[in-house]
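**Q** Model the following, please.
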Amino acid sequence: MGWSLRTLILTMVLVGCGGGESEVLPIGFVNRTQQSGADLWTIWKSAQQSLARKVAQSSSAL
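**A** Numbering: from 1, shown residues only. All right, here's what the predicted structure looks like:
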């Protein structure tokens, strides 16, 4: 089987796997919690700061 025939077959297979148009998925997530978006943002920032402190403490202990 020649290179161009293999390329043609592979191209046809890949194009056939496209599945057509799909619905655009939303970016982010749906908040199904009791907290508001602002509350979740505050919790997220607090968790990031806590993790950063723990990483800094563990790296200074080395």
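**Q** Can you give me the separation between residue 35 and residue 43?
**A** For residue 35, the distance to residue 43 equals 7 Å [C-beta to C-beta, to the nearest Å]. Bear in mind the C-beta positions are built from the backbone N, C-alpha and C, glycine included.
**Q** what touches both of these two?
**A** By C-beta atoms under 8 Å, 6 or more residues apart in numbering, residue 35 and residue 43 have no common neighbours.
**Q** What's the local residue count around residue 40?
**A** By other C-beta atoms under 10 Å, the residues close to residue 40 number 13.
**Q** now the helices for this protein?
**A** For the chain, the helices defined by DSSP state H cover 3-16, 37-61.
**Q** hey, least reliable of those by pLDDT?
**A** Among the helices of the chain, helix 3-16 carries the lowest mean pLDDT, at a mean of 80.
**Q** By neighbour count, which bits of it are buried? Give me those.
**A** In terms of neighbour count (16 or more other C-beta atoms under 10 Å), helix 3-16 has no buried residues at all.
**Q** Summarise which helices and strands it is packed against.
**A** For helix 3-16, not one helix or strand is in contact under the criterion 3 or more C-beta pairs under 8 Å, 6 or more residues apart in numbering; DSSP states H and E.
**Q** how far is it from where the chain is centred?
**A** Centroid separation for helix 3-16 versus its chain: 30 Å, with C-alpha atoms, centre = their mean, to the nearest Å.
**Q** Kindly export it (C-alpha atoms) in CSV.
**A** Provided in CSV are the C-alpha atoms of helix 3-16 (Å, rounded to 0.1, in the frame of the first residue of the first chain):
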residue,chain,number,x,y,z
TRP,A,3,2.0,6.3,1.2
SER,A,4,-0.7,8.4,-0.5
LEU,A,5,-3.3,5.6,-0.3
ARG,A,6,-2.6,5.1,3.5
THR,A,7,-2.8,8.9,3.9
LEU,A,8,-6.1,9.0,2.1
ILE,A,9,-7.6,6.1,4.2
LEU,A,10,-6.4,7.7,7.4
THR,A,11,-7.8,11.1,6.4
MET,A,12,-11.2,9.5,5.6
VAL,A,13,-11.3,7.6,8.9
LEU,A,14,-10.4,10.8,10.9
VAL,A,15,-13.0,12.9,9.0
GLY,A,16,-15.6,10.2,9.6
